[in-house]
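# Coordinates for the following, if possible.
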Amino acid sequence: HIRYPWIAVLYHALACACTCVFIVSTRFCMVLRVRVGRTVVRVMSASIRQQVADDEFFRNSDAYNRANKPAEIRPAPAQVLNPDTKQLCRESDVPGFIASSSSKKPRAGYTPDFGACKRR
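Okay, the predicted model is just below:
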């Protein structure tokens, strides 16, 4: 015979309360996780959209265009005809052509040396 029956009732009531608190806290944790997850996704999406807009604005800016301007492309040396010997020479063999193709003017009285030309 049980001497104090209220102890068994109290034990079972506390065990049920602990189980209930555990289940409710687990449910609360999952709901909170989903809601926080949605909030994080929403904030990150807005941040990514803002970053894309900022990036597009920067790529269209003058500073970006100045910094990423392609280098000047120079064609390969062309074949030129030596008027004296009627030989074909590469333009790079004749320093006068290089000087005249750049922004500098050849010095006065300069005559190109066609001695580096090869007979074709």
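# where does this structure have low pLDDT?
Applying pLDDT under 70 to the chain flags the ranges 1, 75-120.
# please redo it, this time with the cut-off set to 80
The model of the chain has pLDDT under 80 over residues 1-2, 70-120.
# can you give me the helices for it?
Per DSSP state H, the chain carries helices over the ranges 5-59, 62-67, 95-101.
# tell me the most buried of those helices?
Per-stretch averages of neighbours, counted by mean count of other CB atoms under 10 Å, single out helix 95-101 among those, with a mean of 15. Every residue, glycine included, has its C-beta placed from N, CA and C.
# where's Asp62 relative to Asn68, distance?
The gap separating Asp62 from Asn68 is 11 Å, by CB to CB, to the nearest Å.
# Which among the helices of the chain is found nearest to Arg74?
helix 95-101 (8.0 Å; CB to CB).
# could the helices of the chain go into CSV alongside distance to Arg74?
Output for the helices of the chain, formatted as CSV (distance: least, CB to CB, whole Å):
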stretch, distance to Arg74
helix 5-59, 27
helix 62-67, 21
helix 95-101, 8
